[in-house]
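Novice: For reference, the sequence and a predicted model appear below.
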Amino acid sequence: MAATVGRLLRISAKLAAGGLKVTSGGLKVTAAGQHAGLLQRSCFSTASSRWSPAVTQPAPAFKATAVHDGEFKEMSLEDFKGKYLVLFFYPLDFTFVCPTEIISFSDKASEFHDINCEVVGVSVDSHFAHLAWINTPRKTGGLGHIHIPLLGLFVIDPHGVVRHMSVNDLPVGRCVEETLRLVKAFQFVETHGEVCPASWTPDSPTIKPTPEGSKEYFETVN
């Protein structure tokens, strides 16, 4: 999965040798781990007909080396069982748009943790490059101290199933608030069995997935 999504993001297929960054109270940055499982699953391509099967399917297992609080540590998908996981792809360390996104995720790290969700990032760099970027001050283009690790984005539920995926071109950053909203929406549906309409927020009405429930919703909002 890492390599195929990487190609969609116009980065090298060598993403298989790249890294993951994971948050758990602090930054974990993964690198050159065993991504064979990610590569074997080629369910992603530029053809839209190949994208849809990824959603609702189990995410492929992965293992990698992470940087957590300045230390290298092994991590895997198994470490996140029972939690929501935002899988966050970015092209390279020391680039331009990426640090703005990563810092935004870091600033919202506690809000993701509050809803039992971790954030994982993937890039082509080694864990040594990740550590150097973390140790570079923000004023000079580095990350400084951040609370998450670190352009496709996937939301994986506590059962390891992909619930959302999106990919955008490199010059435009992603909206962290929207990612947080999506995780909350999937959690609401799983807990309450009702569905979330467009632009749903925790304060918005939801829809019972029946003809009667739909009618009741539209009578309420119109």
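Specialist: Received the coordinates, thanks.
Novice: The helix or strand L87 falls within: partners in the sheet, and parallel or antiparallel?
Specialist: Secondary structure from DSSP states H and E places L87 in strand 84-89. Taking DSSP bridges as the criterion, strand 84-89 sits next to strand 117-123 (parallel), strand 152-156 (antiparallel) in its sheet.
Novice: Point out the most buried one among these.
Specialist: Mean neighbour count (mean count of other Cβ atoms under 10 Å) peaks for strand 117-123 among the strands paired with strand 84-89, with a mean of 28. The way it works is simple: take the backbone N, C-alpha and C, and place the C-beta from them, glycine included.
Novice: Let me see the mean pLDDT of it.
Specialist: With pLDDT averaged residue by residue, strand 117-123 scores 80.
Novice: Please give the number of neighbouring residues around A185.
Specialist: By the measure other Cβ atoms under 10 Å, the count of residues near A185 is 21.
Novice: nope, R163 is what I was after
Specialist: With other Cβ under 10 Å as criterion, R163 counts 21.
Novice: can you confirm it is in a strand?
Specialist: Yes. Under DSSP: H, G, I helix; E, B strand; the rest coil, R163 falls within a strand.
Novice: Quick check: the gap between it and I156.
Specialist: Note on R163: its distance to I156, by Cβ to Cβ, to the nearest Å, is 7 Å.
Novice: Helices along the chain, start to end?
Specialist: Taking DSSP state H to define them, one finds helices in the chain at 2-8, 36-40, 48-51, 97-107, 109-114, 127-134, 176-192, 211-221.
Novice: Least reliable of those helices by average pLDDT, please.
Specialist: helix 36-40 (a mean of 31).
Novice: how many neighbours does F80 have?
Specialist: By the criterion of other Cβ under 10 Å, F80 has 20 neighbours.
Novice: Just give the nearest non-adjacent residue to it, would you?
Specialist: Nearest-residue entry for F80: E118, 5.7 Å, with adjacent residues in sequence omitted and distances by Cβ to Cβ, 6 or more residues apart in numbering.
Novice: so that neighbour sits right up against G82, yeah?
Specialist: No. In this structure E118 lies outside contact range of G82 using Cβ atoms under 8 Å: 10.7 Å.
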